[in-house]
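# let me see the structure of the following:
(2 chains)
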Amino acid sequence: MFTIRELVQPETLEEAYSTLISRNPNTVLGGCAFLKMGSKRIGTAIDLSSPKLGLKGIREEADRFEIGAMTTLREIETYPAFQEFYQGILPQAVRDIIGVQFRNSVTVGASVFSRYGFSDLITALLALNAEVELFHGGRMSLQAFLDKPYEKDILVKVRLQKNERKASYQSLRNSVSDYAILNVAVSELQGQWRIVVGARPQRAKLAERASQKLSELAGENGALRNNDENALKQLEDIAKIAAEELAFGTNMRGSAEYRQAVCPVLVKRALMEVLK
Amino acid sequence: MKIEFTINGKKAAWDVAPDDLLADTLRAHGFLSVKKACNTSCCGLCTVWVDGQPTLSCTMLSARANGKTITTLEGVQMEAEEFAKILTSEGAEQCGFCSPGFVMNVLAMKKELKNPTDEEIIHYLTGNLCRCTGYMGQLRAVKTYLGVNSAQ
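Numbers count the residues shown, from 1 in each chain, chains lettered A, B, ... in the order given. Next up, the predicted model:
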């Protein structure tokens, strides 16, 4: 069981950040679901749930969505615009995470900032080419954030451009509400494709070679959209490139070999759905 | 630290430690319908409503209840009794250990979903594990309670 010596509920992000960096054991709290399964000893826990911080909820600007760090996964799941945008992959990615009560507790900020390998949300956000805004580190692509070494900071929001991006999310699970053995998200915007594989069990990663190859192929001709043998063969080849270029690991849910074998199947399904 | 909140319609002010979890705090104050089992936030036994939303009290820090409205099964006895009678008539209560959390989530679903399909009911209740029933009796009871057409 984790322990907390002191809990503060700051009313400004400046106050929260200065408390965070003042001592090493100080920690920002998310929904606490993962935290409670460990035995972390926290000096000062920083609770960002004060409404004065404005970190909860989804805001829409003309060109983008801004998802506050304290927004719950259930809010993502039920937000009306997300049912339509990006072919609904955000609600699809989170809807099988445990249960409604769990999704009412856990937050976008904790899922993204902690870069959990098992995260379904990160896989979908990375495929959508999301950006993150950190209090200290500023704005950057989610991809750059995931590749960066860990540094104490506060995730303020996740930003998504409003556009015509088409996308698909696929996962394989032992049972419906379990963690994914593997998850995949694919998206396409103006001929540029992104193939992302997560729960490898390492954190989600863009399959760069496969994405690039697919973007080139799709740009050359429209034949990929033909539901014929040749098009399917090309999609299978792309899916295999994704499985070959990424690293997979073993945990209690599946072996590296199993994940590598499942990967092209999920990628092909996602590609076919986007191409529909 | 002191938290001030509403519990089952009554104002309360309790002292809690920074790492107290709401389920433990509620049980310590006599709200024994709130149970803990899985310790991994997946079984739904500890479900309470926080500002009307079904939430895992085993995962929520008590300090975060400050200023909120908390509802436990003790606060919705009449609605719970109505559903519990149907649950019993379908033979779906079995050992009964998971029933408080299950009932809280069914009542929350009733407020949120209008005329849900079987799939929507099952999906909403995925976070409530029951090791006795196999869920079919529970599904029949929920549909009867909601007045949902079983032909869907």
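# contacts only, for A:Ala69.
Applying CB atoms under 8 Å, 6 or more residues apart in numbering or on different chains to A:Ala69 gives the contacts A:48, A:55, A:107-110, A:112-113, A:154-158. C-beta: built from backbone N, CA, C; applies to glycine.
# where does it fall, phi/psi-wise?
Main-chain dihedrals, A:Ala69, degrees, to the nearest 10: phi -60, psi -30.
# ok, and the closest non-adjacent residue to it?
Spatial nearest neighbour of A:Ala69, excluding adjacent residues (CB to CB, 6 or more residues apart in numbering or on different chains): A:Gly109 at 2.8 Å.
# farthest-separated two in the contacts of A:Ala69?
A:Leu48 and A:Val158 (14.5 Å; CB to CB).
# the two - which one has more neighbours?
Using other CB atoms under 10 Å in any protein chain shown, the more surrounded residue of A:Leu48 and A:Val158 is A:Val158, with 28 against 23.
# give the contact list for the more buried one.
A:66-67, A:69, A:108, A:112, A:125, A:130-133, A:142 are the contacts of A:Val158 under CB under 8 Å, 6+ apart.
# make CSV from those residues and add secondary structure and pLDDT to it.
Supplementary listing: these in CSV, determined by DSSP: H, G, I helix; E, B strand; the rest coil; pLDDT from 0 to 100:
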residue, secondary structure, pLDDT
A:Glu66, strand, 98
A:Ile67, strand, 98
A:Ala69, coil, 97
A:Val108, helix, 97
A:Val112, helix, 97
A:Leu125, helix, 98
A:Ala130, coil, 98
A:Glu131, strand, 98
A:Val132, strand, 98
A:Glu133, strand, 98
A:Leu142, helix, 98
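# closest to chain B out of those residues?
A:Ala69 (15.2 Å; CB to the nearest CB).
# would you mind measuring from the closest one to A:Glu220?
41 Å (CB to CB, to the nearest Å).
# check contacts around A:Glu208.
A:Glu245.
# next, find the distance separating it from chain B.
35 Å (CB to the nearest CB, to the nearest Å).
# now for the residue positioned nearest the centre of chain B: which residues touch it?
Among the residues of chain B, the one closest to the centroid is B:Met104, at 2.8 Å (CA atoms, centre = their mean). If you count contacts by CB under 8 Å, 6+ apart, B:Met104 has them with B:47-49, B:54, B:71-73, B:76.
# my guess is A:Leu182 meets A:Gln202, correct?
No. With contact defined as CB atoms under 8 Å, A:Leu182 does not reach A:Gln202; the gap is 11.1 Å.
# the two: which is more packed in?
A:Leu182 (26 against 16).
# which element, helix or strand, includes the more buried one?
strand A:180-189 (DSSP states H and E).
# what parts of chain B come near chain A?
B:1, B:17-19, B:21, B:39-42, B:44, B:47, B:50, B:53-56, B:58-61, B:63-64, B:105, B:108-109, B:123-128 (CB under 8 Å from any CB of the partner chain).
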